[in-house]
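Engineer: model this:
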Amino acid sequence: MPHVVVLGAGIGGIPMALEAKELLGDGVKVTIISDKEWFEFTPSNPWVAVNWRTQEQIKVDLPPMFKKRDIDFIPVAAKKVNPELNQVILDDDRVIDYDYLVIATGPKLDFAAIKGLGPAAYTDSVCTTGHSATAGDKWEDFVANPGPIVVGAVQGASCYGPAYEYALILDTELRKRKIRDQVPITFITAEPYIGHLGLDGVGDTKSLLESKLRDANINWITNCQVDEITENEIHVTELELNRDPIKHDPIAFKHAMLLPAFAGIDAVQGIEGLVNPKGFILTNEFQQNPTFKNVFGVGVCVAIPPIGKTAVPVGVPKTGYMIESMVTATAHNIEAMIAGKQPDSKPTLNALCLADFGDGGVAFIAKPQMPPRNLNWSGSGRWVHWAKVAFEKYFIRKIRKGQAEPIFEKYVMKAMGLVRLKKNK
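Structural biologist: Now for the predicted structure:
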């Protein structure tokens, strides 16, 4: 019996395991390996950081769900992937053999790249629900004695939406508490301009997000390289192509949330032919690794080159809609290989994002993600906030039920309102 192993149980890994089992049937064994026993809905993390959600509200206990779907679940982290022997070695030294491996781990958070960065040092994070809960634990102390805030994404980051969300959610929260006037907010980003998002903008995201920050009285620095973070100051240099660096005065903060750069997880680092120098999984147009043909990659762990040249390193995001298309293509390609055929399914790689700002938001669709595009649209309004709230509930419910349908494609497009899209073409 062919054995499909999925490494990672997040927005990519869970749909991958469910879709593989549904498509391939009882004649194939599916095993999913994760470093934790639960799923957490990462897009809700900015809400957790200001106590609009609890950890429990956005978590799903995985063992019962996988048991119902006849999928083996191993809640032990992977220590090493050995693609030459078709094995995954776990932290408890168990060896899991596979016929097909799908790596869907998400990233390693590279806080160590900058001195003083991260929850173990001086800044908070919304990259994991645990990090966000830690920020939420400190939030009431902050509002009792407020001060300057810095929010942003450092050099090499490849996920920018949550930084904009968090900055503007903080603005909304502070206005509700009637203490916004006591809290100067600075937004710093590696992007060459506001609204670049690692995608060279989508539709009018530059004007939309500049306008949102300006309306919220949030100052910003683009092309920003973070040099060092001390207990209450961030040291930055502004870089632009063909211009001398600008060394800014240290930015004082009482609360800071900076998204780090990503890297591949330790279990795959340094495997020649499998990963690039940062540890991201190398894949071809079928999500298949070119060297190890029975290994596939989906989600944030996949290597995608940046768009264009920038003064400060800017990575490319992988949104849920894009990841979902990778999952579907991979499932069909494994099915083809089991049948003795060559892979022929390609992901659409479209980008879709709902960025909530607490009382409104910005949404965009890029089809395909890389320009030039067939569809290049962005819009804003209160409907974005309610669409994201509704989608959170819908997605978590589907995961609890173990349903493998294309959640983003079937729901989010409707939630964003295609009627609005047509009107704004």
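
Engineer: and P63, how many neighbours?
Structural biologist: The number of residues packed near P63 is 11, by other C-beta atoms under 10 Å. No exception for glycine: its C-beta is placed from N, CA and C like everyone else's.

Engineer: do you know how far it is from D70?
Structural biologist: 13 Å (C-beta to C-beta, to the nearest Å).

Engineer: do the same with G360
Structural biologist: Taken as C-beta to C-beta, the span from G360 to D70 is 43 Å.

Engineer: So which of the two has more stuff around it?
Structural biologist: G360 (17 against 10).

Engineer: what separates the closest residue to the more buried one other than its chain neighbours from I271, distance-wise?
Structural biologist: Closest residue to G360 apart from its sequence neighbours, by C-beta to C-beta, 6 or more residues apart in numbering: R382 at 5.0 Å. According to C-beta to C-beta, R382 and I271 sit 47 Å apart.

Engineer: These two: which has the busier surroundings?
Structural biologist: Applying other C-beta under 10 Å to R382 and I271 shows that I271 carries more neighbours, namely 21 against 11.

Engineer: Over to that one: give its phi and psi.
Structural biologist: Main-chain dihedrals, I271, degrees, to the nearest 10: phi -90, psi 110.

Engineer: hang on, the earlier thing: what sits against the residue nearest to G360?
Structural biologist: With contact set as C-beta atoms under 8 Å, 6 or more residues apart in numbering, R382 has these partners: D359, G360, G361.

Engineer: so can I have TSV of these showing secondary structure?
Structural biologist: Compiled in TSV, the contacts of R382 are given as follows (DSSP: H, G, I helix; E, B strand; the rest coil):
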residue	secondary structure
D359	coil
G360	coil
G361	strand
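
Engineer: T222 is in contact with A311, correct?
Structural biologist: No: checked against C-beta atoms under 8 Å, the pair A311 and T222 is beyond contact range at 9.3 Å.

Engineer: what touches both of these two?
Structural biologist: Common neighbours of A311 and T222, counting by C-beta under 8 Å, 6+ apart, are P192.

Engineer: Which parts of the stretch 101-250 of the chain are helices?
Structural biologist: Using DSSP state H, counting those that start in this stretch, the helices of the stretch 101-250 of the chain run over residues 129-144, 161-176, 205-215.

Engineer: and those, which is most packed in?
Structural biologist: With neighbours taken as mean count of other C-beta atoms under 10 Å, the helices of the stretch 101-250 of the chain reach their highest mean count in helix 161-176, at a mean of 23.

Engineer: So which elements touch that helix?
Structural biologist: helix 45-48, strand 149-153, strand 185-189, helix 205-215, strand 218-221, strand 255-259, strand 351-356 (3 or more C-beta pairs under 8 Å, 6 or more residues apart in numbering; DSSP states H and E).

Engineer: Please repeat the previous calculation with a cut-off of 6 Å.
Structural biologist: Here helix 161-176 touches helix 45-48, strand 149-153, strand 351-356, going by 3 or more C-beta pairs under 6 Å, 6 or more residues apart in numbering; DSSP states H and E.

Engineer: In JSON lines: the ones you listed, plus mean neighbour count and distance to A336.
Structural biologist: Conversion of the helices and strands packed on helix 161-176 to JSON lines gives the following (neighbours: other C-beta atoms under 10 Å; distance: least, C-beta to C-beta, whole Å):
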{"stretch": "helix 45-48", "mean neighbour count": "26", "distance to A336": "36"}
{"stretch": "strand 149-153", "mean neighbour count": "27", "distance to A336": "38"}
{"stretch": "strand 351-356", "mean neighbour count": "26", "distance to A336": "26"}
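
Engineer: Would you single out the least confident of those?
Structural biologist: Ranked by mean pLDDT, these bottom out at strand 351-356, with a mean of 90.

Engineer: For whichever helix or strand comes after that one, which strands pair with it and how are they oriented?
Structural biologist: Per DSSP states H and E, the first helix or strand lying C-terminal to strand 351-356 is strand 361-367. Sheet pairing of strand 361-367 (DSSP bridges) gives strand 351-356 (antiparallel), strand 375-380 (antiparallel).
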